[in-house]
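Trainee: My questions are about this predicted structure, shown below with the sequence.
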Protein chains: 2
Amino acid sequence: MNDIARAAGVSQAAVSYAYNQPHKLSAARREHILTVAAELGYAGPNPAGRTLRTGRVGAIGLLITDTLGYAFDDPAAVQLLKGISEVGEFAEVALTLLPCPLESPRLTEGGGVLVRGAVDGFLAYAMPDGHPGMATVVARGLPIVVIDGSDLGHLPRVGIPDRKAAREIAAHVLGLGHRRVGVLVDRLVPDGAAGPVTPARERAARDLVNKERLAGYRSAFRSAGVSRRETTVIEAGGFDYAASRAAAAALLRDRSLTAVLAATDVLALATIDAATELGLRVPRDLSVTGFDDIAEAAKADLTTVRQPLVEKGRQAARLLLDVIAGEQATAVTLPTELVVRGSTAPPRRR
Amino acid sequence: MNDIARAAGVSQAAVSYAYNQPHKLSAARREHILTVAAELGYAGPNPAGRTLRTGRVGAIGLLITDTLGYAFDDPAAVQLLKGISEVGEFAEVALTLLPCPLESPRLTEGGGVLVRGAVDGFLAYAMPDGHPGMATVVARGLPIVVIDGSDLGHLPRVGIPDRKAAREIAAHVLGLGHRRVGVLVDRLVPDGAAGPVTPARERAARDLVNKERLAGYRSAFRSAGVSRRETTVIEAGGFDYAASRAAAAALLRDRSLTAVLAATDVLALATIDAATELGLRVPRDLSVTGFDDIAEAAKADLTTVRQPLVEKGRQAARLLLDVIAGEQATAVTLPTELVVRGSTAPPRRR
DNA sequence: CTGAAAGCGCTTACAG
DNA sequence: CTGAAAGCGCTTACAG
């Protein structure tokens, strides 16, 4: 900026004004400065300098568990991203992706992107309880909005009534007459383990969404008088189709099941595929429900819980921007809706 | 940092060393400084200060045409993102999403994220020729790597041999005996227009990938003696399923067609859906080919061109990081492969 | 409308 | 191993 000022024969402050406060300069002078800048290949104020001075970065960070690859594999996450980015674009705020694999030691160290990343605030998406990245980010003292995770007792949060919605869809299935019902969850504890869920593991659950949905199913089972022993719960250990399919196959080894409650649509779609492979017809031989209502759910005629994924992203981004602007934050719970389609029916008579 | 230094009874430089050059301090002193910092709620060096001093941000920007929503709707783009983010995570570099809608005046103005965004370099993904955002970014003088777009004559680029691969898959279809072949492209000119492509519009094409693929088809047609008049080309005007489906429906109004060459898998899948709705069976009544080999292509048994989407992202990110590190850049062309599946067959005899 | 000046928070070469 | 100092590029309050 000094070079430009010298070349244009003005003060360095005038150059700054040319970019930031045009009204403080005569039009001719401003024009002159901008022309000189263009000639010298100066593209405008350096972001780092501006940030240091103003304290505003113009970017928000999105914390995602695991690698970004995971996030992009999950259609529900992609919808959420759409909503977030809509708001960001409108507000001229960039979105910085901050992947937080659980194992990385760099999560808490100074070198990592969580500590070093220049952002004005964080959106923490589906972070499991006790994730070290969360503590790192809280320590930075910047505004944080939680999406689908624990609010740590004090953070503003955007989510849906997972437990209630899960109870509702389970009640729908039980209401059709099913008693032998299997349950599929993504992941309760982020340790990569997959397979049947023990009571101890269920108590140790750290992924709030899966935990709450499972709790909702349990609640419906209790109300319907289905005992804990009668229900099998399988954890996929991951969010991708392959893990989902394997979990579904494991669950369907129990041929007495007449229905499967899947905690996500991806799990449900994998269940339908696995059932088809076994020669089972949905819903004649097996009722299947999902959760989220991603685009594929409608195509597969899946009974599921609709949640406003894009809107969730929008609201979270707006909330964060509000907090950054110094406004008061309030928790937001968005409505869900039970969508009954063709993948559920009464159990076949023996 | 000054506050911490005072509280710890050391120089401000010592605090900096505690975070950045541990070996310059005795272990005890470092420990002491870090403890005091934790007590005072200091989370480590301020990113803006560090960036201003070192000139390194620790983030790369990804330029995407249109809104991010578009990008996330496109499975091919999502795969690319996966590859990019893999490299970023490994190198501890954050990925900043920089959407560049064509219409926005802020693209070139000082207030926009393109001018203001703090990054060490840019990845320009599928930017159409002449996009104003590209000029803005070039003006910043930071390293740029182009993916699937024009290299502007001098930028390092990562891509695939679109024209050659398109010629190959077209030759496959023509080799099966098809003569009445329709073509579907996403978008030639980013003006939102959709419908039949005139010669003038084809010449004015600014989306390099679509342009090249179309040129490849044309080349195969010429070799097979299929005249320009015999082929209809329809432009969808967008990348999403809805636009694709509408374009497919428009193309299939011509009932004499026995095959459709779609420039992307999304277009091809939409074509299969549209054909099914019309009561046409694939491939018996209509052969359909795609391009990209996204996950859904295999499920739909689609004949297509496989390109290494994730690897493309990886290579581009690595290349950019190399250029940022001061290394020499070279253009990268990744291999493609014709994948013949069940969506193509000889035309039915009349 | 213009210019001189302070200071945002940091890293590192330098002298001790 | 430690401290004093310069300077990265910027914005804005202040005096003229």
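Mentor: Thanks, I have the structure now. Residues are numbered from 1 along each chain as shown, chains lettered A, B, ... in the order given.
Trainee: and residue A:120, what does it touch?
Mentor: A:56, A:57, A:58, A:59, A:60, A:93, A:142, A:143, A:324 (CB atoms under 8 Å, 6 or more residues apart in numbering or on different chains). Bear in mind the C-beta positions are built from the backbone N, C-alpha and C, glycine included.
Trainee: same deal with residue A:251?
Mentor: Applying CB under 8 Å, 6+ apart to residue A:251 gives the contacts A:182, A:184, A:232, A:234, A:257, A:260, A:271.
Trainee: among those residues, which are in strands?
Mentor: A:182, A:184, A:232, A:234, A:260 (DSSP state E).
Trainee: Please identify the residues of the stretch 151-300 of chain A in proximity to DNA strand D?
Mentor: On the criterion CB under 7 Å from any atom of the strand, DNA strand D has no neighbours in the stretch 151-300 of chain A.
Trainee: The stretch 151-300 of chain A: helices as residue ranges?
Mentor: A:162-175, A:199-203, A:208-224, A:241-251, A:265-277, A:295-299 (DSSP state H, counting those that start in this stretch).
Trainee: okay if I get those helices as TSV plus distance to residue A:88 and mean pLDDT?
Mentor: Formatted as TSV, those follow (distance: least, CB to CB, whole Å; pLDDT from 0 to 100):
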stretch	distance to residue A:88	mean pLDDT
helix A:162-175	26	98
helix A:199-203	37	96
helix A:208-224	23	98
helix A:241-251	29	96
helix A:265-277	26	97
helix A:295-299	22	93
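Trainee: Can you tell me which of those is packed in deepest?
Mentor: helix A:265-277 (a mean of 23; mean count of other CB atoms under 10 Å in any protein chain shown).
Trainee: Just list what that one packs against, helices and strands only.
Mentor: Applying 3 or more CB pairs under 8 Å, 6 or more residues apart in numbering or on different chains; DSSP states H and E, one finds that helix A:265-277 makes contact with helix A:75-90, strand A:181-185, helix A:241-251, strand A:259-262, strand A:287-289, helix A:295-299.
Trainee: DNA strand C: which of these is closest?
Mentor: helix A:75-90 (24.6 Å; CB to the nearest atom of the strand).
Trainee: By mean pLDDT, point me to the weakest helix or strand of chain A.
Mentor: When the helices and strands of chain A are scored by mean pLDDT, DSSP states H and E, helix A:68-73 comes last with a mean of 73.
Trainee: Go ahead and name everything in contact with it.
Mentor: A:64, A:77-78, A:81, A:97, A:99, A:125, A:238-241, B:78-79, B:81-82, B:85-86, B:88-89, B:95.
Trainee: what about 7 Å?
Mentor: A:64, A:77, A:78, A:97, A:99, A:239, A:240, B:78, B:81, B:82, B:85, B:86 (CB atoms under 7 Å, 6 or more residues apart in numbering or on different chains).
Trainee: now for those, which pair is the farthest apart?
Mentor: Maximum pairwise distance in the contacts of helix A:68-73, criterion CB to CB, is 18.2 Å, between A:97 and A:240.
Trainee: Of those two, give the one with the bigger neighbour count.
Mentor: Set residue A:97 next to residue A:240 and count neighbours by other CB atoms under 10 Å in any protein chain shown: residue A:97 wins out with 25 against 16.
Trainee: burial count for the residue lying closest to residue A:310 once chain neighbours are set aside?
Mentor: Excluding the flanking residues, the one nearest residue A:310 by CB to CB, 6 or more residues apart in numbering or on different chains is residue A:83, at 4.0 Å. Residue A:83 has 22 neighbours, counted by other CB under 10 Å.
Trainee: Check the one 3 residues further on too.
Mentor: One way to gauge burial is a neighbour count; for residue A:86, by other CB under 10 Å, it gives 19.
Trainee: Do I have it right that it meets residue A:314?
Mentor: Yes. Using CB atoms under 7 Å, residue A:86 is in contact with residue A:314, at 6.0 Å.
Trainee: quick one: the strand or helix carrying residue A:317 to chain centroid distance?
Mentor: Per DSSP states H and E: residue A:317 is located in helix A:309-324. Averaged C-alpha coordinates place helix A:309-324 at 12 Å from its chain's average position (CA atoms, centre = their mean, to the nearest Å).
Trainee: That one - what's its average pLDDT?
Mentor: Per-residue pLDDT over helix A:309-324 has a mean of 96.
Trainee: Of all the helices and strands packed on helix A:265-277, which one is nearest residue B:329?
Mentor: Between residue B:329 and the helices and strands packed on helix A:265-277, the tightest spacing by CB to CB is seen for helix A:75-90, at 28.9 Å.
Trainee: Using CSV, list the CA coordinates for that closest one.
Mentor: Written as CSV, here are the backbone C-alpha positions of helix A:75-90 (Å, rounded to 0.1, in the frame of the first residue of the first chain):
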residue,chain,number,x,y,z
PRO,A,75,-26.2,-37.1,1.6
ALA,A,76,-27.7,-35.6,4.7
ALA,A,77,-24.4,-33.8,5.4
VAL,A,78,-24.3,-32.5,1.9
GLN,A,79,-27.8,-31.0,2.2
LEU,A,80,-26.7,-29.3,5.4
LEU,A,81,-23.7,-27.9,3.7
LYS,A,82,-25.9,-26.4,1.0
GLY,A,83,-27.9,-24.5,3.6
ILE,A,84,-24.8,-23.2,5.3
SER,A,85,-23.2,-22.1,2.1
GLU,A,86,-26.4,-20.3,1.0
VAL,A,87,-26.2,-18.0,4.0
GLY,A,88,-22.4,-17.6,3.7
GLU,A,89,-22.7,-16.5,0.1
PHE,A,90,-25.3,-14.0,0.9
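Trainee: Which elements pack onto that helix?
Mentor: Where contact means 3 or more CB pairs under 7 Å, 6 or more residues apart in numbering or on different chains; DSSP states H and E, helix A:75-90 is packed against strand A:94-100, helix A:309-324, helix B:68-73, strand B:94-100.
Trainee: thought residue A:5 was touching residue A:17?
Mentor: No. The pair residue A:5 and residue A:17 does not pass the contact test of CB under 7 Å, sitting 10.8 Å apart.
Trainee: what about the residue of the stretch 201-350 of chain A found nearest DNA strand D, neighbour count?
Mentor: Residue nearest to DNA strand D within the stretch 201-350 of chain A (CB to the nearest atom of the strand): residue A:325, separated by 14.9 Å. For residue A:325, the neighbour count with other CB under 10 Å is 10.
Trainee: so where is chain A shaky, pLDDT-wise?
Mentor: A:69, A:105-111, A:350 (pLDDT under 70).
Trainee: How is it partitioned into domains?
Mentor: Using automatic domain parsing, the domain parsing of chain A gives A:2-45, A:59-159+A:309-333, A:162-308.
Trainee: Now do the end-to-end distance for the longest one.
Mentor: This means domain A:162-308. End-to-end span of domain A:162-308 (CA to CA, to the nearest Å): 12 Å.
Trainee: Contact residues of the stretch 1-150 of chain A facing DNA strand D?
Mentor: A:1, A:12-13, A:16-17, A:19-21, A:44-46, A:48-50, A:52-54.
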